[in-house]
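>>> Next input, structure requested:
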Amino acid sequence: MKIENNLLKKLEKLSSLEIGDDKRDDMITQLSEIVKFIENLNELDLDKEEATFTTLQGGTPMRKDIPKVDSKIIKTILKNAPQSKNGSFVVPKIID
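Sure, this is the predicted structure:
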């Protein structure tokens, strides 16, 4: 894939970014290098590999979901909140 100015304009629009005229050539060069690197993946022989995998097939054991209440953690979090009351965040009412 060749990165050109037209493609860069489309990428700018999709990403809601604006690239200055002085940086366009550098950006095209960098994107071209990234695409070239990714195209190396096409050289891999993946015919014998499965398309997907999961860790649930004997990989990661499930653990019990047990809540842990640590007052120090709660205090640390609420210390950074704009407003708190009785161990909870205070937020503006949005539903009448």
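
>>> mind checking how far Val90 is from Ile77?
Between Val90 and Ile77 the distance, using Cβ to Cβ, to the nearest Å, works out to 13 Å. (C-beta placed from N, C-alpha, C; glycine too.)

>>> For the closest residue to Gly87 other than its chain neighbours, report the pLDDT, please.
Once flanking residues are discounted, Gly87 sits nearest to Ile74: 6.0 Å by Cβ to Cβ, 6 or more residues apart in numbering. Predicted confidence (pLDDT) for Ile74: 89.

>>> before we move on, what about Thr60?
The score at Thr60 is 66. That number is its pLDDT.

>>> With the one 5 residues further on instead?
Here, the pLDDT recorded for Asp65 equals 88.

>>> Only the buried residues of stretch 76-90, if you could.
For stretch 76-90, a neighbour-count test (16 or more other Cβ atoms under 10 Å) marks Leu78 as buried.

>>> Can you give me the first-to-last residue distance of it?
Taking Cα to Cα, to the nearest Å, the first and last residues of stretch 76-90 lie 16 Å apart.

>>> low-scoring pLDDT stretches of this protein, where are they?
Within the chain, the set of residues satisfying pLDDT under 70 comprises 51, 53-60.
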